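K.L.:
when you get a sec, could you give me coordinates for this:
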Amino acid sequence: MAVNQDYYELLGVSKTVSAEDIKKAYRKMALKYHPDRNPGNKEAEEKFKKINEAYAVLSDPEKRKQFDQFGMGGFQQRYSEEDIFRGFNVGDLFKDLGFGGGDIFSMIFGGRGAPPRGGGRQQKQQQSWDFGDYITHEQHGADAARDLDLRYELEIPFMDSIHGAEKRVSLATQTGTEEVNVKIPKGITTGKKLRLKGKGNIGRSGQRGDLYITIKVGEHPVFKRIGDDLHVTQEVKVTDALLGTVIEVPSIAGPKRVTIPPGVKSHSKVRLKGLGVPDQNGDEYVEVIIDIPKKLTEKQRMLLEELRKEGL
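P.N.:
Model (predicted):
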């Protein structure tokens, strides 16, 4: 999905605007570009589709939160068009505006669906938005209008994202609480989605939706992940920075001894090859921080005065 104009810009609102003001802006734009008011105008039709996409995102609190966090490019990497429009229905809103309460997309693309499938018997058909073209399927009462997929945000410890893990989560479904096992792959990052096929709600026809789990990785007190590399900070004394030393630093493979060369500067980085995220060819970087004491003993002060006289 190509990166388009910012959703807030499309609706002509600021990022701090309320949900009610977003709805008002959308109503105004939708009235202006609605196909019924612009028959045969392809430019207005395209604009109408874009503002509906913007409203589908900004009217949903979770999608809006993700959009604000990752921006247009990052959001569209995480959400397909199907994800954006899933569950989006403004039929009642357009009915209030005097345009009827049908599927908003059928107003634009009506008549472009595929022909009925099957034999000679004519089946009752319903068009449904498939983000690029219409498909047809048999009407199953409430199943056709209900989104059977479930969504769940799972926060996992940092080390589980590095080494992989298996989690058991409890879900609230239409039939009650259900527990499912979720396999966390190695190296997963925040925002990634896992799909568990057939673990969503069950429709009247017996069809079952899927479960989409969005991963959120917790922070770690020592390690910070940047791409596939891991970063840690390590303090060294002034004398060790001047004379050089060997220190022990944490790594995901256990403590490692690292040589600090004489004269190292603060914020210099030492690379530990291959000790980043497993199976991702990442490295670990140790950032050296020189610890400058705020207070000195009298003896330390005297020694430093002598060193200063020596030109140090």
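
K.L.:
which residues in this structure form strands?
P.N.:
Listed from the start of the chain, the chain has strands (DSSP state E) covering 125-129, 134-138, 150-156, 165-173, 176-184, 193-196, 211-217, 224-226, 229-237, 245-249, 256-260, 269-272, 284-291.

K.L.:
and for the residue nearest to residue 10 when sequence neighbours are not counted, the neighbour number?
P.N.:
Nearest non-adjacent residue to residue 10, counting by C-beta to C-beta, 6 or more residues apart in numbering: residue 54, 4.2 Å away. All C-beta spots, glycine's among them, are computed from the backbone N, C-alpha and C. If you count neighbours by other C-beta atoms under 10 Å, residue 54 ends up with 26.

K.L.:
which residues sit in contact with residue 244?
P.N.:
Under the criterion of C-beta atoms under 8 Å, 6 or more residues apart in numbering, the neighbours of residue 244 are 259, 260, 261, 262, 263, 264.

K.L.:
what's the answer for residue 278, then?
P.N.:
Neighbours of residue 278 in contact, by C-beta under 8 Å, 6+ apart: 162, 163, 186, 187, 252.

K.L.:
what is the nearest of the residues you listed to residue 7?
P.N.:
Each of those was scored against residue 7 by C-beta to C-beta, and residue 187 proved nearest at 30.4 Å.

K.L.:
from residue 293, how far out is that closest one?
P.N.:
As defined by C-beta to C-beta, to the nearest Å, residue 187 lies at a distance of 40 Å from residue 293.

K.L.:
the two: who's more crowded?
P.N.:
The neighbour count for residue 187 versus residue 293, taken as other C-beta under 10 Å, is higher for residue 187 (18 against 9).

K.L.:
and that one, what pLDDT?
P.N.:
In the prediction, the pLDDT value recorded for residue 187 is 90.

K.L.:
and what of residue 124?
P.N.:
Model confidence at residue 124, expressed as pLDDT, equals 33.

K.L.:
state the distance from the nearest residue to residue 155 once chain neighbours are set aside to residue 67.
P.N.:
The shortest distance from residue 155 to any non-neighbouring residue, by C-beta to C-beta, 6+ apart, is to residue 216 (4.4 Å). For residue 216, the distance to residue 67 under the criterion C-beta to C-beta works out to 16 Å.

K.L.:
who has more neighbours, the two?
P.N.:
More crowded of residue 216 and residue 67, by other C-beta under 10 Å: residue 67, with 24 against 13.

K.L.:
tally of neighbours for the residue nearest to residue 274 when sequence neighbours are not counted?
P.N.:
Counting by C-beta to C-beta, 6+ apart, the nearest residue to residue 274 once its immediate chain neighbours are dropped is residue 283, at 6.5 Å. Applying the criterion other C-beta under 10 Å, we find 15 residues in the vicinity of residue 283.

K.L.:
got the phi and psi for residue 283?
P.N.:
Listed backbone geometry of residue 283 is phi -120, psi 170, with angles given as degrees, to the nearest 10.

K.L.:
what's the answer for the one 10 residues further on, then?
P.N.:
For residue 293, the backbone dihedrals (degrees, to the nearest 10) come out as phi -70, psi 140.

K.L.:
list the contacts for it?
P.N.:
Residues in contact with residue 293 (C-beta under 8 Å, 6+ apart) are 238, 300.

K.L.:
distance of it from residue 171?
P.N.:
Computed with C-beta to C-beta, the distance linking residue 293 and residue 171 is 54 Å.

K.L.:
what does residue 36 give?
P.N.:
For residue 36, the distance to residue 171 (C-beta to C-beta) stands at 41 Å.

K.L.:
those two: which is more packed in?
P.N.:
For residue 36 against residue 171, the residue with the higher neighbour count under other C-beta under 10 Å is residue 171, and the figures read 18 against 12.

K.L.:
please indicate which of the contacts of residue 278 are buried?
P.N.:
Taking 16 or more other C-beta atoms under 10 Å as the criterion, what is buried in the contacts of residue 278 is 162, 187, 252.

K.L.:
out of those residues, which is nearest to residue 202?
P.N.:
Sorting these by how near they are to residue 202, with C-beta to C-beta, puts residue 187 at the top with 33.3 Å.

K.L.:
dump the residue contacts of that closest one.
P.N.:
Listed by C-beta under 8 Å, 6+ apart, the contact set of residue 187 reads 161, 162, 164, 228, 277, 278, 279, 280.

K.L.:
now with 7 Å, please.
P.N.:
Contact analysis of residue 187 by C-beta atoms under 7 Å, 6 or more residues apart in numbering lists 277, 278, 279, 280.

K.L.:
can I get these in a markdown table including distance to residue 157 and pLDDT?
P.N.:
Below are the contacts of residue 187 laid out as a markdown table (distance: C-beta to C-beta, whole Å; pLDDT from 0 to 100):
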| residue | distance to residue 157 | pLDDT |
| --- | --- | --- |
| 277 | 15 | 91 |
| 278 | 16 | 85 |
| 279 | 19 | 80 |
| 280 | 18 | 79 |
